[in-house]
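J.: Sequence and predicted model, in that order:
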Amino acid sequence: QQGKLGRYPLHFHMCESVHGSTLAKNVIWESHQRCIVIHGSHNVTVSENVAFDNQGHCYMLEDGGEWDNSFLYNLGAKTRALPANT
């Protein structure tokens, strides 16, 4: 799925307000396109996750219009750049 927009291991996509939603205690290993992406969604808590040996951002807000999201106690390690065409 590398290089295809919207294809991420964990992705909140245009959900608007999802008060009380939590992504917690996940392990993402060897992803070829980012890890946890929040896009157009608000009030998500992302906590205590581990992302290891992945390409691209481990934890990201996609377009900057997201609000009241919390990223707490997450770890990203051995992160590599995405290929130039991605």
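T.: All right, it came through fine.

J.: Could I get the buried residue list for the longest strand anywhere in the chain?
T.: When the chain is parsed with DSSP state E, its longest strand is strand 10-24. The neighbour-count check on strand 10-24 (16 or more other C-beta atoms under 10 Å) flags 10-12, 15, 21, 23 as buried. Placement of C-beta: from N, CA and C, glycine included.

J.: what's the answer for stretch 33-40, then?
T.: So, applying 16+ other C-beta under 10 Å, buried residues of stretch 33-40: 33-39.

J.: which among those gets closest to Lys78?
T.: Nearest to Lys78 among the buried residues of stretch 33-40: Cys35, at 11.9 Å, using C-beta to C-beta.

J.: List the strands paired with the next helix or strand after the longest strand of the chain, with their directions.
T.: Per DSSP states H and E, the first helix or strand lying C-terminal to strand 10-24 is strand 27-29. Neighbouring strands of strand 27-29 in its sheet, by DSSP bridges, are strand 50-52 (parallel).

J.: Let me see the mean pLDDT of the strand it pairs with.
T.: Mean per-residue pLDDT for strand 50-52: 98.

J.: Repeat that for stretch 2-16.
T.: pLDDT averaged over stretch 2-16 gives 86.

J.: again, but for stretch 67-76
T.: In this model, stretch 67-76 has a mean pLDDT of 98.

J.: Now find how far off-centre it is within its chain.
T.: Stretch 67-76 sits 10 Å away from the centroid of its parent chain (C-alpha atoms, centre = their mean, to the nearest Å).
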